[in-house]
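Trainee: Just a sequence and a predicted model for now, questions to come.
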Number of protein chains: 2
Amino acid sequence: MKIAVDAMGGDNGSKVVVTAVKQFLIEFPGVEVVVFGDKNELEQLTSLCQVIDAPETVPMEAGALEVIRMKNSSMCVALKTMKEQQFDAVVSAGSTGGYLAAATLILKLIPGVRRAALVTSFPTKLKDKKLVVLDIGANNENSPEELVQFAEMGRTYHQSLYNSDNPKTYLLSNGTEAHKGSPVGQAAYKLLLETQFPNFCGNMEARDALTGEADILVTDGYTGNVFLKSSEGIAKLMSAMIKDNFKKNLWTKLGYLHVAKGFKEMSTTMNYKTTGGAMLLGVNGVVVKAHGNSDVYGFTNALRVAKTMVERRVVETIKEMVKRGQ
Amino acid sequence: MKIAVDAMGGDNGSKVVVTAVKQFLIEFPGVEVVVFGDKNELEQLTSLCQVIDAPETVPMEAGALEVIRMKNSSMCVALKTMKEQQFDAVVSAGSTGGYLAAATLILKLIPGVRRAALVTSFPTKLKDKKLVVLDIGANNENSPEELVQFAEMGRTYHQSLYNSDNPKTYLLSNGTEAHKGSPVGQAAYKLLLETQFPNFCGNMEARDALTGEADILVTDGYTGNVFLKSSEGIAKLMSAMIKDNFKKNLWTKLGYLHVAKGFKEMSTTMNYKTTGGAMLLGVNGVVVKAHGNSDVYGFTNALRVAKTMVERRVVETIKEMVKRGQ
């Protein structure tokens, strides 16, 4: 297995990536990693893996067009090398918009796929049960037909990743009734019913998304992004409040000692989405986006996600799925 | 001051409303409350305030058309009486869609207002600073011009409620750059810039909404509803996790004793949106929507919100604002 890693472009610079790659290679010595970025900053890695000098860094605020023009950037070189040398996966913490656009342009969509979608798993109230949500931000606008294909890709992804048989698919909506939802959502609802989409269970409100009832939640990229980031915002706010509570005085600090373990576990669970990696589904290859603000834990996790996706043959399974549908 | 109260239609029945009205009248004996609902269920109130028998109950899942047809329902009678007898406000915990539609139809939009918007305040990281968000679900689709008017109404609302001078207004978006956002959001951004909307500060991502930086967050009703309910979902999930942490064993239970007060305060803050009341801005009168699942605390709070909105003359101020703009 060969994974391309873009070491530049994350909020926290290449240092985080260097340590993450080291940790990952200790954990999985059998995986080949090729790191793209400023050679001077990556010296520590040269004895451990291949390092390709590509010092040009895509700025975090770079849009799609800008990135595509930066042909010598670590991000574009990583993607191009991945394609030419048939690597299995690529990981970057750089500009989301730019990365997704460049990945789609360079690796190309799987024939038959209308639009790529960014997918990730959320924690739920039921321990060990995750909710797969897509699209969480690869697109700004989607058609009903695209949402239907997101449902198909999401189902395949869930089945590959969690070995599930018949996962429950819902549409994210502003009410549970059939007539609820944005105009695009309403049309997608009809299509999913008409095509008898397997185990389609209707609309779900955002507040019930994490109860563990749904396995897959389908939405357009704009709304999905708001869902992801609203959740992130509230989780951050509550975490700050929890910290303040424990810091108040000696008694509350003593109180914390008793529950520290539980709260640390909770914090890890809640950070799943920010520290893990999201995958771009629908392109020719495993493309994993690490959170722009990833720390070592987060970037290492993104590398693990890439490895898992390659092992579970997610891309191949989607190719077969699309072929069957045509 | 005269407030109409729809006692039926909430998830928890009229009992909650009876106790809430009692508490409210003890707190504010100067306010006149008229309660609409099944007389038999409201007997306890007859000595305290006027009770109008209107036993027909709007079901929670009733849509706009259905409610409008239920002319004798407690909800419609409350709204019609409010209009005819010029009450100052109306409060209901019934079907959101139905309530908003009936309120708009019966009370009418303020001349010059394109669409009514549901507004509420969220807690932020900065204690005593709230974020005003609209529309959180009165509409399913909005035009750029409607978003601009939501910004105007939101500003007036913020100024009236918090005595603010020049609140900061942001558009909810999937990125901070000017070109980000849904097509409608992008067009609204341009309009707000062109019209030099006072203290318009650009786009804000959902994850930064609760940092305390923004005073007003403007969005279309569909996205705003997803924002509201995603926040609710994560807050619920984290609250459940916190409870589980403290329940683990004797030590964690002892730990809880030290921090109980802080966590109770936090829970109150986080429940603000579910237990408080949201106001429908843009109609002729103070229309407050209590959460469908309101308990006594929540419904009493909704009554307080109605009283405050009347005192702060929010409706009159919006009327003046619209007049000036024409």
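Mentor: Done, it's in.

Trainee: which regions of the stretch 151-300 of chain A sit below the pLDDT cut-off?
Mentor: Low-confidence segments of the stretch 151-300 of chain A (pLDDT under 70): A:268-275.

Trainee: any chance you could map the strands in it?
Mentor: Per DSSP state E, counting those that start in this stretch, the stretch 151-300 of chain A carries strands over the ranges A:169-173, A:200-205, A:216-218, A:277-281, A:286-290.

Trainee: Any chance of TSV for those strands, columns distance to residue A:304 and mean neighbour count?
Mentor: All C-beta spots, glycine's among them, are computed from the backbone N, C-alpha and C. Shown next, in TSV, are the strands of the stretch 151-300 of chain A (distance: least, Cβ to Cβ, whole Å; neighbours: other Cβ atoms under 10 Å in any protein chain shown):
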stretch	distance to residue A:304	mean neighbour count
strand A:169-173	26	26
strand A:200-205	29	19
strand A:216-218	22	29
strand A:277-281	8	26
strand A:286-290	9	29
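
Trainee: give me the beta-bridge partners of the spatially most central residue of chain A?
Mentor: The residue lying closest to the centre of chain A (Cα atoms, centre = their mean) is residue A:278, at 0.7 Å. For residue A:278, the beta-bridge partners under DSSP bridges are residue A:289.

Trainee: Contacts only, for it.
Mentor: Contacts for residue A:278 were tallied using Cβ atoms under 8 Å, 6 or more residues apart in numbering or on different chains; they are A:118, A:119, A:120, A:136, A:288, A:289.

Trainee: One more: residue A:167?
Mentor: Counting by Cβ under 8 Å, 6+ apart, residue A:167 touches A:132, A:155, A:158, A:159, A:199, A:215, A:216.

Trainee: repeat for residue A:49
Mentor: Counting by Cβ under 8 Å, 6+ apart, residue A:49 touches A:21, A:25, A:32, A:33, A:34, A:35.

Trainee: Okay, and the beta partners of the third one?
Mentor: Here residue A:32 sits in beta bridges with residue A:2, as judged by DSSP bridges.

Trainee: That one contacts residue A:2, doesn't it?
Mentor: Yes - the criterion here is Cβ atoms under 8 Å, and residue A:32 meets it with residue A:2 at 4.6 Å.

Trainee: which one's the longest helix in chain A?
Mentor: helix A:221-247 (DSSP state H).

Trainee: buried set for that helix?
Mentor: By neighbour count on 16 or more other Cβ atoms under 10 Å in any protein chain shown, the buried set for helix A:221-247 is A:221-239, A:241-242, A:245-246.

Trainee: For residue A:4, what is the enclosing helix or strand?
Mentor: strand A:2-6 (DSSP states H and E).

Trainee: next one: residue A:141
Mentor: Per DSSP H and E: residue A:141 is located in neither a helix nor a strand.

Trainee: Could you pull up the residues touching residue A:102?
Mentor: By Cβ under 8 Å, 6+ apart, the residues touching residue A:102 are A:64, A:67, A:68, A:75, A:76, A:79.

Trainee: Closest one to chain B out of these, please.
Mentor: residue A:64 (10.2 Å; Cβ to the nearest Cβ).

Trainee: okay, now the closest one: neighbour count?
Mentor: Each residue near residue A:64 was counted by other Cβ atoms under 10 Å in any protein chain shown, and the total is 16.

Trainee: ok, of the contacts of residue A:278, which one's closest to residue A:9?
Mentor: residue A:289 (11.0 Å; Cβ to Cβ).

Trainee: Now that that closest one has come up, it's in contact with residue A:280, right?
Mentor: Yes - Residue A:289 lies in contact with residue A:280 (Cβ under 8 Å); the separation is 6.7 Å.

Trainee: intersection of neighbour lists for those two?
Mentor: Common contacts of residue A:289 and residue A:280 (Cβ under 8 Å, 6+ apart): A:100, A:118.

Trainee: Any idea how many residues pack against the closest residue in space to residue A:186 that isn't next to it in sequence?
Mentor: Nearest in space to residue A:186, with sequence neighbours left out and distances taken as Cβ to Cβ, 6 or more residues apart in numbering or on different chains, is residue A:179 at 6.9 Å. Counted with other Cβ under 10 Å, residues neighbouring residue A:179 total 12.

Trainee: How about the one 5 residues further on?
Mentor: When neighbours are counted by other Cβ under 10 Å, residue A:184 registers 21.

Trainee: same deal with residue A:250?
Mentor: By other Cβ under 10 Å, neighbour count at residue A:250 equals 8.

Trainee: Distance of it relative to chain B?
Mentor: According to Cβ to the nearest Cβ, to the nearest Å, residue A:250 stands 9 Å off from chain B.

Trainee: State the three-state secondary structure for residue A:133.
Mentor: strand (DSSP: H, G, I helix; E, B strand; the rest coil).

Trainee: does it really touch residue A:215, like I thought?
Mentor: No - with contacts counted by Cβ under 8 Å, residue A:133 stays clear of residue A:215, the gap being 10.4 Å.

Trainee: Over to the residue nearest to residue A:186: give its phi and psi.
Mentor: Residue A:179 adopts backbone torsions of phi -80, psi 0, taken as degrees, to the nearest 10.

Trainee: and it, how far is that from residue A:203?
Mentor: 9 Å (Cβ to Cβ, to the nearest Å).

Trainee: for chain B, what are the nearby residues on the stretch 51-200 of chain A?
Mentor: A:61, A:63, A:97, A:123-125, A:137, A:140-141, A:172, A:174-175, A:177, A:179, A:181-183 (Cβ under 8 Å from any Cβ of the partner chain).
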